[in-house]
Each structure stands twice: as C-alpha cells, then as structure tokens.
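Visitor: what follows is a predicted protein model with its sequence.
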Amino acid sequence: MIIPITRRNTGASLVVFLLCCVILLIPDSKATKFFQFSTGMGTISPDKVIVLLTIFIGVISIIVNKMKLQIKLPLVIMYMYAVWLFATGLSDLLYGGSFFELNMIVFKLIMNVMVFYVVYTFSVNDKRFIDSFINFFLKLSYVNAIFAILQFTLKSPLFMGKYFLIERGFYLSSGIRATRAWGFQGEPLALGTVSMVGVLLISWRLMQDKVDGKKTKLSNVIGWVLLFVSLMLSFSRGNIFATLICLLIFIITYKIKIFTIKRVCLSMITVPFVVWYVNHKGMFDVVWTRISRTDDRSYTHRLSVIGSVDDIMNTYGLRSLFGLSPGSSNGLRELVGVMDNNYINLLFEGGIIGFFLIIFLFLLCLKINGDSTTKILRIILFSLMLNMMTYELTYYSSTGVLFFTILGLISSRYRSRNVELLEITKKRNTSYFLNHLGRN
C-alpha cells in the first residue's frame, strides 16, 4: 500500500535538488577533468561525491520517515540485473581480469542502481516527489541552456575551457570551423540529451496549463525556446531526431490539435520572421550542414560498431555471451574504437542474460499505463532509448543519472497502478457482496 507523505519532506526535496544538479550543473567526470583526483578504487570527482551524498541523505530520510521499499517486478528485475553485473565482473576477474575494472563496477552500482532504488522508494512513498523533480529539472535546465547559448554566442567555453578532455566541432563548406556548445556537462551529446528532456517536459507543462484552463505563462514559452535553442546548438543529430520523433508521439498521445485558426495565423506571422533571422545569422547553414552531411566519421563509425558485434563474439566466444564485465567497452576500444552504441555496450557487459533483464525492464516501463504524468515519462524514456543507439548514454554521469532517475520514476507508477487496480477490485467485490445479501 502506498504511504503518501502529505507534509513537506525536506529530505525528498534535497535528494531531487542534488540529483538535478548532477544532471544539469556539475561537469561530467566522463567528459571533463573538473576537480578530479585518482584513488585506488578509481577517480573521485564532484558528480560522484554528490551522488554518494544524495544516496546517504536519501537512505537517512527513508529510515526517519519510515518509508517502505515495495518489492514489485521492476525492483526485482533491477536487483537481478545488479547481481548479474557483479557476477560477470567476478567471473572475469577469476578468468584473468582482462576487462575487470573495480571503478566501473562501483560506478554502475552507485550512479545507476542505487539512484534507481532511492528514486523508486521516494516516488512510491511521496506522491509529490515526481512533481518536485520536474520543477527542479526545468528550473536548472534553463540555467544550463542559457550557459550553453552564451558559450556558442561568445565562441568560448567560459570557465570550462581548462577542464575539457576534447573539443568537438565540424567544418562548414566555407572552411570555417563551427564549435558545438558544451553546457555545464562539458559534452555536447549530454547537453543535447538533457535539453531534449527539458523540451518534452516544458511541452507537457504548456499542454497541462491549457487543459486545466490556465493562461499560458510567458516564462514557460521562453523556457521552451531556450531549451530548443540549446538542443540545436549541441548539434547532436541523434538528440534532434529523437526530439522531433517524440514531439510527434506527444501530439498523438495527448491528441493535440495543431491546425487551429489561432495557431495557423500565429505561425504565419512568426515563422517567416524566425526563418529570416536564423538565415541572416548564418545559423541555418550551420545546422543544415551538420544534419545533412553523411561523409563524416560519426556515421561510418557507428555503422562499423554495429558490424563489429560478430567480430567480438568470434574473438571472445562464450565469454561474450555471458558477459565480459562492467567497463568492458573500455577494453573493446582497442578492437572497435569508441563504443557509440549503448545497447551493444550493455550486451557485452552483461551478456545475453544481463541484456535480456535490462531490456525487459525498459519494455515493462514503456507499457505502464497511468495518468498524464506517467505518459510524458514514458515518452521521455522512449526518447532516451532512441539516443542509446547513437552513444553510450549510461556511460556518462549526467545522462546516466537522468536515465535511471526516469526509470525509477516510471517503475514507481507500476506499483501505483497495481494498488489502484486492487482497490477498485475490492470496492467492486464489496459492492457485489452487499447487493447479493440485499437480494437475499
């Protein structure tokens, strides 16, 4: 049974705020060298420390508020997946340790699994937890978007310059190099992903205001524009395509009428001005060059990674089928290069069993029915799953924490749905029993 917390829960608010800070404001330890130092168990960095602090605060708050950990199917699957990953790491260590990396096992258990458990537990016990996450995420995403826009406008990474591991950009047909925006994450792909999630959430917020009969807030419209611009300035084709696909799904899911008289008239006035401005500033040429070109290495490399699956299986045999260990993608880089496909990464880290467990959890969450909030969370999860085909999304701290936070939030709705169904069934059975007694 859900134990709704109606009073203000400081622990929950702090957990949400810290998680959103890791996702949106703290430079990613996988993309930057922001205040890092090495230890025997791996690299210590601000994002990892904050997640550890978040888990500690979360556990204390769970104990103090006497929250219950509901043992339901998504939770069991995540537990089995975590145990299997740990087992593949140990088996590789016993086999010779060619792929075993203690820091990667710790990273996955803390940044992925523990984040999932803490978010899940808070969400099933506190009915305001999801709303709190959405509010904090949108507010901090505006800050991140403004920072990214300033980076691109000023053609400077600002204070992030000395922490970058690699600068990302591309050349225009004129020979001029266009630099991609980094955001606080220090990685254009991560910037594009968090901006994409922000665009979907603010679109949902605008739609909810319309349904509830509220006036459209100018701040929400400005926020949508900021997030969409930061998405475009990341020049991440995977994120841009995923956003467009999921916006279409969003329109179909919520049955939004696009072609109303008011919207058509407004579009006829604003669209020509926007197109002129974008073209005048040369932004159209930059964006189109990035999206349309197929002769760069990013396309060919991603295709080669997919084609390398058979080579990896032939090289490592049965070991690859049962899992090479968390962090194996680092070792496989000597064979295939950067593993720009999260699904292939999951396949070789956890083997067939681990891959089946995590994919089953993804699909289970996509099938969870619920209210309007559940629907937008499912759309966001699907957008993240689309992005996993283009880069190692769960490898980065920011996007990894974001992904397993969303997974935890949706999984909590699986439990809520079952409880509501049970209560409805009880009421129906009670009503039938009383009616039957009355007739007799």
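Guide: Done, it's in.
Visitor: where does pLDDT dip in the stretch 51-200 of the chain?
Guide: 96-97, 165-167, 169-178 (pLDDT under 70).
Visitor: just the strands in it please.
Guide: Here the stretch 51-200 of the chain has its strands, by DSSP state E, counting those that start in this stretch, at 169-171, 177-179.
Visitor: and residue 396, how many neighbours does it have?
Guide: 24 (other C-beta atoms under 10 Å). (C-beta placed from N, C-alpha, C; glycine too.)
Visitor: phi, psi of it?
Guide: Main-chain dihedrals, residue 396, degrees, to the nearest 10: phi -80, psi 150.
Visitor: against residue 147, how distant is residue 25?
Guide: 9 Å (C-beta to C-beta, to the nearest Å).
Visitor: any idea which helix or strand carries the residue nearest to residue 133 when sequence neighbours are not counted?
Guide: Leaving aside its sequence neighbours, residue 133 sits nearest to residue 16 (C-beta to C-beta, 6 or more residues apart in numbering; 5.0 Å). Using DSSP states H and E, the element containing residue 16 is helix 10-24.
Visitor: what helices or strands is that helix leaning on?
Guide: helix 46-64, helix 115-125, helix 129-154, helix 397-439 (3 or more C-beta pairs under 8 Å, 6 or more residues apart in numbering; DSSP states H and E).
Visitor: which other helices and strands contact the shortest one?
Guide: The elements that helix 115-125 packs onto, with contact taken as 3+ C-beta pairs under 8 Å, 6+ apart, are helix 10-24, helix 46-64, helix 73-95, helix 129-154, helix 397-439.
Visitor: mean confidence for the shortest one?
Guide: It refers to helix 10-24. The average pLDDT within helix 10-24 is 91.
Visitor: and it, which residues are buried?
Guide: Under the neighbour-count criterion of 16 or more other C-beta atoms under 10 Å, helix 10-24 has 11-13, 15-16, 18-24 buried.
Visitor: just to revisit the earlier point, what's the overlap in contacts for residue 25 and residue 147?
Guide: Shared contacts of residue 25 and residue 147 (C-beta atoms under 8 Å, 6 or more residues apart in numbering): residue 184.
Visitor: my read is that the residue nearest to residue 133 contacts residue 134, right?
Guide: No: with contact defined as C-beta atoms under 8 Å, residue 16 does not count as touching residue 134 (9.3 Å).
Visitor: in this structure residue 147 contacts residue 158, no?
Guide: Yes: using C-beta under 8 Å, residue 147 is in contact with residue 158, at 7.4 Å.
Visitor: give me the more crowded residue out of these two.
Guide: More neighbours surround residue 147 than the other of residue 147 and residue 158, with 20 against 11 (other C-beta under 10 Å).
Visitor: who's in contact with that one?
Guide: Contacts of residue 147 were listed using C-beta under 8 Å, 6+ apart, and they are 158, 183-184.
Visitor: I'd like the residues you listed as TSV, with distance to residue 78 appended.
Guide: Below are the contacts of residue 147 laid out as TSV (distance: C-beta to C-beta, whole Å):
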residue	distance to residue 78
158	38
183	29
184	28
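Visitor: from those, which is closest to residue 47?
Guide: Residue 47 has its nearest neighbour among the contacts of residue 147 in residue 184, at 10.6 Å by C-beta to C-beta.
Visitor: backbone phi and psi for that closest one, please?
Guide: The phi/psi pair for residue 184 (degrees, to the nearest 10) is phi -70, psi -20.
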